[in-house]
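Enquirer: any chance you can model this:
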Amino acid sequence: MENVKEIVGFLQNVPLLHGLKQNQLEKLARRFVEREFKAGQVIVEQGKGGVGFFLIVSGAAEVVRMRSDGDKVVVNSFGPTDFFGELALLDDGPRTATVTATAATKCLVLTSWDFIAELREDTDMAVIILQQLAARFRRALEAL
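Expert: Model (predicted):
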């Protein structure tokens with residue numbers, strides 16, 4: 001994605017960011033960095049540190065969690081407008097699962113320090129995003 005306007009257009013389709021105003025999306029758009037991953041490449045690894053939040057622009061990825069008994073469980077599959085790493089925006093704990101690109105994948109990445117900086121400047125943005133995160137967490141728990 002080459003410019004802020006193009007990134008904003010994409011961000012408008014991301015469920016986590018629904019409810020944000022145009023100017024709020026523009027602020028976030030300026031903070032994202034584009035990264036590309038090859039099929040089979042690990043994007044984030046369970047147990048490792050991570051400070052990034054990822055939005056899939058194109059491609060696909062699979063989420064696998066290693067259980068304590070050593071079994072691997074496919075937790076989810078992601079495609080365009082899906083996101084992961086949202087916990088890394090709020091704390092510096094280890095990744096809870098491994099995400100691997102299953103096709104050539106392009107992502108927009110936002111670091112926790114850039115995210116927190118924006119939330120400190122715009123508390124309305126913080127409330128909207130935290131409500132969306134809570135809804136996602138609730139859906140995940142209900143699926144268990």
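
Enquirer: and the residue of the chain most remote from its centre, how close does it get to Pro94?
Expert: Largest separation from the mean C-alpha position in the chain: Asp69, at 27.5 Å (CA atoms, centre = their mean). Separation of Asp69 from Pro94 (CB to CB, to the nearest Å) stands at 19 Å. C-beta: built from backbone N, CA, C; applies to glycine.

Enquirer: so the residue farthest from the centre of the chain, which of the three states?
Expert: With DSSP: H, G, I helix; E, B strand; the rest coil as the basis, Asp69 sits in coil.

Enquirer: which residue ranges form the strands in the chain?
Expert: With DSSP state E, the ranges of strands along the chain come out as 33-37, 42-44, 52-58, 61-66, 72-78, 83-84, 98-101, 105-111.

Enquirer: could you dump stretch 70-87 to PDB, C-alpha only?
Expert: Included here for stretch 70-87 are C-alpha records, laid out as PDB according to Å, rounded to 0.1, in the frame of the first residue of the first chain:
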ATOM      1  CA  GLY A  70       2.900 -31.400  23.000                       C
ATOM      2  CA  ASP A  71      -0.100 -31.700  20.600                       C
ATOM      3  CA  LYS A  72      -0.500 -29.000  18.000                       C
ATOM      4  CA  VAL A  73      -4.000 -27.600  17.500                       C
ATOM      5  CA  VAL A  74      -5.000 -25.500  14.500                       C
ATOM      6  CA  VAL A  75      -6.900 -22.700  16.100                       C
ATOM      7  CA  ASN A  76      -7.800 -20.500  13.200                       C
ATOM      8  CA  SER A  77      -7.100 -19.500   9.600                       C
ATOM      9  CA  PHE A  78      -6.800 -15.900   8.500                       C
ATOM     10  CA  GLY A  79      -7.300 -14.000   5.300                       C
ATOM     11  CA  PRO A  80      -7.600 -10.400   4.100                       C
ATOM     12  CA  THR A  81      -8.900  -7.900   6.800                       C
ATOM     13  CA  ASP A  82      -8.300 -10.500   9.600                       C
ATOM     14  CA  PHE A  83      -5.900  -9.500  12.300                       C
ATOM     15  CA  PHE A  84      -3.800 -11.100  15.100                       C
ATOM     16  CA  GLY A  85      -1.400 -10.000  17.800                       C
ATOM     17  CA  GLU A  86      -3.800  -7.700  19.400                       C
ATOM     18  CA  LEU A  87      -2.700  -8.800  22.900                       C
END
